[in-house]
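Novice: my questions are about this predicted structure, shown below with the sequence.
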There are 4 protein chains.
Amino acid sequence: MILILTPNIEPESSSYQQLIAHLSRLQNIQLRVHREQGSEQSLTEIYLIGDTSAIPVEDMKSLPGVERVVRISEEYRVLGRHRGDQRPSHFDYQGLRFGQDTLHVFAGLCAVDTQEHVELMMKALRDLGQVCTRMGAYKPRTSPYSFQGHGKNCLPYVFELAGKYGIKVIAMEVTHESHIDEINDALRGTGSPTGVMLQIGTRNTQNFELLKIVGRQKEFPVLLKRGFGITLSESLHAAEYLASEGNRKVIFGLRGVKTQLGNPHRNFLDFAHVPVVKRLTRMPVCVDPSHAVGSRTSGPEGILDLMHATAQGVIAGANMVLVDFHPAPNRALVDGPQALLLDELPHFLADVAVAREAYEKRVALAARYAVELQTAGA
Amino acid sequence: MILILTPNIEPESSSYQQLIAHLSRLQNIQLRVHREQGSEQSLTEIYLIGDTSAIPVEDMKSLPGVERVVRISEEYRVLGRHRGDQRPSHFDYQGLRFGQDTLHVFAGLCAVDTQEHVELMMKALRDLGQVCTRMGAYKPRTSPYSFQGHGKNCLPYVFELAGKYGIKVIAMEVTHESHIDEINDALRGTGSPTGVMLQIGTRNTQNFELLKIVGRQKEFPVLLKRGFGITLSESLHAAEYLASEGNRKVIFGLRGVKTQLGNPHRNFLDFAHVPVVKRLTRMPVCVDPSHAVGSRTSGPEGILDLMHATAQGVIAGANMVLVDFHPAPNRALVDGPQALLLDELPHFLADVAVAREAYEKRVALAARYAVELQTAGA
Amino acid sequence: MILILTPNIEPESSSYQQLIAHLSRLQNIQLRVHREQGSEQSLTEIYLIGDTSAIPVEDMKSLPGVERVVRISEEYRVLGRHRGDQRPSHFDYQGLRFGQDTLHVFAGLCAVDTQEHVELMMKALRDLGQVCTRMGAYKPRTSPYSFQGHGKNCLPYVFELAGKYGIKVIAMEVTHESHIDEINDALRGTGSPTGVMLQIGTRNTQNFELLKIVGRQKEFPVLLKRGFGITLSESLHAAEYLASEGNRKVIFGLRGVKTQLGNPHRNFLDFAHVPVVKRLTRMPVCVDPSHAVGSRTSGPEGILDLMHATAQGVIAGANMVLVDFHPAPNRALVDGPQALLLDELPHFLADVAVAREAYEKRVALAARYAVELQTAGA
Amino acid sequence: MILILTPNIEPESSSYQQLIAHLSRLQNIQLRVHREQGSEQSLTEIYLIGDTSAIPVEDMKSLPGVERVVRISEEYRVLGRHRGDQRPSHFDYQGLRFGQDTLHVFAGLCAVDTQEHVELMMKALRDLGQVCTRMGAYKPRTSPYSFQGHGKNCLPYVFELAGKYGIKVIAMEVTHESHIDEINDALRGTGSPTGVMLQIGTRNTQNFELLKIVGRQKEFPVLLKRGFGITLSESLHAAEYLASEGNRKVIFGLRGVKTQLGNPHRNFLDFAHVPVVKRLTRMPVCVDPSHAVGSRTSGPEGILDLMHATAQGVIAGANMVLVDFHPAPNRALVDGPQALLLDELPHFLADVAVAREAYEKRVALAARYAVELQTAGA
């Protein structure tokens, strides 16, 4: 059960204090308070953890300082959509809005290799009006003998170049808690010229200890990738580990799952789950066509499978696209074969725009027909 | 290796006879002749079966009556796309063109239950300008104790109603060779008021004996569904069973595969394979969102997952949509929960049109950028 | 609901006639009568199909001619085990007993290629006291361009050689109803020197039309292989298609399923399902290690994976082993790489015997501990 | 390439110094030295990392201090079996030998709940001569709102009770590096009355940062569970993360994989991979029937599926069995439904003994037939 308090309520106020006192007397119920400081107001929610089935919603509504009460199902307490739930499905970061209603493309390097490539990539993005990118510094690799990323050594120049080219948010995978400190250090050392979205990769989707630690910091938003061998539901539960520790700036990433039924693609694309995640939770949804498709094959129209996959995600309402580009794929240290060329960036963005426009038309169409059906039914 | 002969060459002609005589002397090579009688000309192809690696293309080109020679890889001999292959990727039936460049919606009843429902369905289609439908008479069911379809008993009224409402092609699953005879009988008995596309379901994708028999008749085109537990490649090989027996009017159907990773959808949607099938073969590609999604859940925009899935197929170039509608889903005998309502047909068709328009824009965009890149590279 | 009648009851008897008259008056209930003529007595069962939940067991028990009544769950009506069910879990064929308590090895050729190889194989079996074998005449192959088996042409010499070497039962896959006629013809033509167990392969597990036809003949027992991409439950339902048409001499075959998680084995071995099938149904269970493992790799003890897999099936209670041998695997036309050599047959049989002996010890142990626990609990 | 040096070579010796000096001059080759201090002698191996294909084995053999040279394939450098590889496939810990030739049963609590249950469990083990157990203190759970284990709080009494009842090794999952410190602290605090085998669970199989840290300590052996959604090969690569950091006391655990094809078992049992892991690597192999089966269902012989699964693992050569028992399963906080009762421990151990005896007979049989075939071939 969630109690949504009146906006801007102060912890020192007497109504708040009375409320807490009352709630503390509930038997076998724990309280978890979540306070979100927005630019204009502060919002406070109190989660009642335990068996709340016997607590009447009306009783809770009548308590001082309580504006609304939502009885939640067991699943996805914090991030889920519950009956009567009007909590937001978006957040702001670095002046950008990330929501179930927006779309951002994060084109960039799967793995940072040289400063030159980073600069070429960012310049190309700037020239096309892009303000987000992906840059991999920490790479989890199947074999311990493969290149594992340049780690903290590349962070200073990556951040400085981001500042130089107006990049506001860099998506960057972390695989250990120490990486957060390293990122913070490098940001401070370079004067915080950009922002970072922490990415949890598919091999760590159920690395709950990492999720808890990442969830405890509220500075950086988090992109959690779906586990490639577990169900959607299990992956959504993993997102709750982030949120239950306090961080709700969570984007959920679809990147394909592992089964031979997806051949010849490297993974089996799961972008049909875009509307499912948006229905079950309030998280924006990202699609990663590069890792899903894993190659540069194309159909008879001369359109890459990877671009078809992107369009499929976007026309169904995806809110973020994570995609690998590289100035010289044959010299890339990781996943070169699937990278798009910088030359292809304008086409890629134009193709995404067509799919997004179609999505928006579809939404308008649905609204129109809903009215018609309602009228007809009346 | 395929020898494409000069159009309209006559089997009685001396050039043809010389050609055959020559080919018959090739060691360990079998000939298979395929003759397609079109409306304007006849086309003849000769397949050389066996180890043709030692036979020079130039030698074959110089033979009498040979216009072109295509060396084919082992895979998908007849239906595959091979290097330098310019054979068509479309066919005509009932005055309609089914190709990798067209789109047809086959909305209809998963299983025929009553004559009244058939008529309601067909009338709705006619009113919206549709000329294709699906009507299930033979239903393979997991349990022998479930309803198995009305079989041949419903065929006469289904065909008559199709004629009455201007339906030109009905997609209809067959599970035994005798069903083809029954369909032929019913068509003859009703004066052939419509056409039929024979559908091979996912449980029979590797029922090779049925495929051979269906392939031997050239009257009806065939919609072969992908096997839900086998790889794409294995399913494409199955299509060759149809083609190698003579019938090349084959459409390949994607309908999702079975794995728990697709939950909460009934099957895991495989529509990312639309461009793959079009690249590997010359078959038009059908998507079946109803069986893939298996429910009427919808995203927060109020758009059904099933419509999102359809849009995903169409924006990537799907050529046919097979979708379940029902005038009264709660009284449907098979798969009611996933059926769309007749009221929803206009919205569905409008939504498909948006996605198709986006696909066409994307194709134009790709053509434009291809020119630009070429110019830039020159 | 099943009514098991008194043994040897005659359809002409008045008790039987009264019984049928009574049952026919039950509303919305269909009757299906199954009569099994054994060597010593005839058994008759009447299945009440429809919603029998409102019919009291006691009422039915009191009807003339009824010895026992079993209320069955929806699943696996005929072949399933139901509460209080004491119907047999075995059948006899060619003087051999096939039951959940017996074990038979069917070593032989995956695909018959030459008469010489058939004879070498059968002689080796005879010399080691074996009376069963496998011989593939009809081979379903992924590609239409692969060798499809010698079909009916090889049947006469296969059957004659079986007679010569004392082979009593040959397991043989059929993929079309006409194959049954061909087998019958060949048996008659050769004086029925042996018996045949019809095998339904994994690609036809849900070829329900074939199952119905095979189920209608009661002469040959049937080995139904599990579908390699469907659940166990779906495959068990398929077995009901055989039984509901009248043939209950059904053996269920485990042969591995298709998923890359089974690599480096060709299929993912499912022999852990041996006790599951025996719990849910009354069918004897066969394991096919050859197709499951698909290679001749071995562990550091010098024991083939294929033999380890066999031992795993047998120690858990498997009742039949289907295994590929070949006198000259490098000349085999189908699946040579996985075939065992004739030289290895004695070792294979000895290894199976060790595992069977262990199974029997385990059964005795379980019985002993059950008594001890009961005594301790008393 | 691995250089195995003469036993007991001293790093200060001149031959060692010359060797290192020589190797350091090899271009683009890194050295990694691994020194194992056994009870009787010290063994030193030098790994040459990089492209060693151009380095002749003979040249390396002739260097001072080098006894043997093994050219290794890329896969599983440290733990793999390579051609001509005679490195050991066992290690010692707490006076027990863990090898590809031994068998240890680790029966115990999936999750420690109360001190009383721990004591009941350990007493039962002691009474039956067991010296190993499993005790879960840190439990990774799908939902953040589920019980997560008692963590470090339970360690002191678990270790003390182990000492009291003669338990030498406790398998215990860790999910974060801090757990190793907590275990070390608790062992020191209690006077090290027992030993610990660190267990990496299936959700962390590719948590490479955790693996590296666990691999850097050489005190505790490690049981690495297979990832339930990744291939065997990917999981074996993960084991290399442990070994490449220095710890080679690694046991590989099979615990089933996630696919609906394994239903009604909770996971799909992969014990057919026991001989595969033993062939590809030098790791002992553990099987975990409890998590694989996930229930207490049994076959018609009255033997639990879980015991059948165990027997299948053991008859194929498994070296360790991890199995859940609980004094009061209905009060267990985690995975109660699958736990065996203390009363069933004697039966379980006797059943394992039957399977192990069969395995040993099979090994002897294989040795005998190998000789016979060799003799026959001579």
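Specialist: All right, it came through fine. Numbers count the residues shown, from 1 in each chain, chains lettered A, B, ... in the order given.
Novice: every contact and neighbour count from this point should use C-alpha atoms.
Specialist: Fine.
Novice: point out where chain A drops to low pLDDT.
Specialist: Confidence mapping of chain A against pLDDT under 70 gives the ranges A:38-39, A:73-74, A:377-378.
Novice: need the residues of it near chain D, please.
Specialist: Taking C-alpha under 8 Å from any C-alpha of the partner chain as the criterion, chain A approaches chain D at residues A:140, A:142-144, A:175-176, A:203-204, A:206-209, A:228-230, A:234, A:237-238, A:240-241, A:244, A:258.
Novice: quick check: which of these are also close to chain B?
Specialist: A:229-230.
Novice: the residues of chain A next to chain D in helices, which ones?
Specialist: Using DSSP state H, A:208-209, A:234, A:237-238, A:240-241, A:244 are the members of those that sit in helices.
Novice: is stretch A:305-323 anywhere near chain B?
Specialist: Yes: applying C-alpha under 8 Å from any C-alpha, one finds stretch A:305-323 touching chain B at A:305, A:308-309, A:311-313, A:315-316.
Novice: any chance of the residues you listed in a markdown table, with secondary structure, distance to D:Ala332 and neighbour count too?
Specialist: Putting the residues of stretch A:305-323 next to chain B into a markdown table (DSSP: H, G, I helix; E, B strand; the rest coil; distance: C-alpha to C-alpha, whole Å; neighbours: other C-alpha atoms under 10 Å in any protein chain shown) gives the following:
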| residue | secondary structure | distance to D:Ala332 | neighbour count |
| --- | --- | --- | --- |
| A:Asp305 | helix | 50 | 26 |
| A:His308 | helix | 50 | 29 |
| A:Ala309 | helix | 46 | 28 |
| A:Ala311 | helix | 49 | 31 |
| A:Gln312 | helix | 46 | 34 |
| A:Gly313 | helix | 43 | 34 |
| A:Ile315 | helix | 47 | 29 |
| A:Ala316 | coil | 44 | 29 |
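Novice: what are the bridge partners for A:Met197, then?
Specialist: Here A:Met197 sits in beta bridges with A:Ala171, going by DSSP bridges.
Novice: what strand or helix carries the most centrally placed residue in chain A?
Specialist: When chain A is reduced to its mean C-alpha position, the nearest residue by C-alpha atoms, centre = their mean turns out to be A:Ile251, at 1.5 Å. According to DSSP states H and E, A:Ile251 maps onto strand A:250-254.
Novice: can you tell me which residues contact A:Val321?
Specialist: A:103-107, A:286-289, A:310 (C-alpha atoms under 8 Å, 6 or more residues apart in numbering or on different chains).
Novice: report the two of these separated the most.
Specialist: Farthest apart among those by C-alpha to C-alpha are A:Leu103 and A:Pro289. That separation is 14.9 Å.
Novice: who's more crowded, these two?
Specialist: Set A:Leu103 next to A:Pro289 and count neighbours by other C-alpha atoms under 10 Å in any protein chain shown: A:Pro289 wins out with 30 against 21.
Novice: name the nearest residue to the residue nearest to the centre of chain A, sequence neighbours excluded.
Specialist: A:Leu223 (4.7 Å; C-alpha to C-alpha, 6 or more residues apart in numbering or on different chains).
Novice: would you confirm that the one you found contacts A:Met197?
Specialist: Yes: checked against C-alpha atoms under 8 Å, the pair A:Leu223 and A:Met197 is within contact range at 6.7 Å.
Novice: so the residue nearest to A:Ile251 sits in a strand?
Specialist: Yes: remark: A:Leu223 belongs to a strand, assigned using DSSP: H, G, I helix; E, B strand; the rest coil.
Novice: contacts only, for it.
Specialist: By C-alpha under 8 Å, 6+ apart, the contact set of A:Leu223 is A:171, A:197-200, A:250-253.
Novice: let's see if you can find the most crowded of those.
Specialist: Busiest of the contacts of A:Leu223 [other C-alpha under 10 Å] is A:Gly253, holding 30 neighbours.
Novice: tell me who's in contact with that residue.
Specialist: Residues counted as contacts of A:Gly253 (C-alpha under 8 Å, 6+ apart) are A:223-226, A:285-288.
Novice: what residues of stretch A:144-162 count as buried?
Specialist: For stretch A:144-162, the neighbour count (16 or more other C-alpha atoms under 10 Å in any protein chain shown) marks A:144-145, A:148-151, A:154-162 as buried.
Novice: repeat that for stretch A:345-353.
Specialist: Going by 16+ other C-alpha under 10 Å, stretch A:345-353 has these buried residues: A:345, A:347-348, A:351-353.
Novice: relative to C:Leu365, how far out is A:Met122?
Specialist: 71 Å (C-alpha to C-alpha, to the nearest Å).
Novice: just A:Arg296 next, same as before
Specialist: Distance of A:Arg296 to C:Leu365, given as C-alpha to C-alpha: 60 Å.
Novice: could you do A:Leu19 as well?
Specialist: Taking C-alpha to C-alpha, one finds A:Leu19 at 64 Å from C:Leu365.
Novice: so those two - more neighbours on which side?
Specialist: Set A:Leu19 next to C:Leu365 and count neighbours by other C-alpha under 10 Å: C:Leu365 wins out with 18 against 15.
Novice: leaving out the residues flanking it, which one is nearest to A:Pro284?
Specialist: Closest to A:Pro284 by C-alpha to C-alpha, 6+ apart is A:Gln100, at 4.5 Å.
Novice: torsion angles phi and psi at whichever residue of chain A sits closest to chain D?
Specialist: With C-alpha to the nearest C-alpha, the shortest gap between chain A and chain D falls at A:Gly229, namely 4.0 Å. Main-chain torsions, A:Gly229, degrees, to the nearest 10: phi -130, psi 10.
Novice: now swap in A:Arg71 and tell me
Specialist: phi -90, psi 120.
Novice: contacting residues around it?
Specialist: A:1-2, A:57, A:82-83.
Novice: show me the beta-bridge partners of the closest residue in space to A:Lys225 that isn't next to it in sequence.
Specialist: Among residues not flanking A:Lys225 along the chain, A:Gly253 sits closest, at 4.3 Å (C-alpha to C-alpha, 6+ apart). Beta-bridge partners for A:Gly253, by DSSP bridges, are A:Lys225, A:Cys286.
Novice: quick check: buried residues in stretch A:318-336?
Specialist: Here stretch A:318-336 shows A:318-327, A:329, A:332, A:334-336 as buried, counting by 16+ other C-alpha under 10 Å.
Novice: can you show me the CA trace of the strand holding A:Ile251 as PDB?
Specialist: Extracted in PDB, the C-alpha atoms of strand A:250-254 (Å, rounded to 0.1, in the frame of the first residue of the first chain):
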ATOM      1  CA  VAL A 250      15.100   3.600 -14.100                       C
ATOM      2  CA  ILE A 251      14.800   2.800 -17.800                       C
ATOM      3  CA  PHE A 252      14.200  -0.800 -18.800                       C
ATOM      4  CA  GLY A 253      16.200  -2.100 -21.800                       C
ATOM      5  CA  LEU A 254      15.200  -4.800 -24.300                       C
END
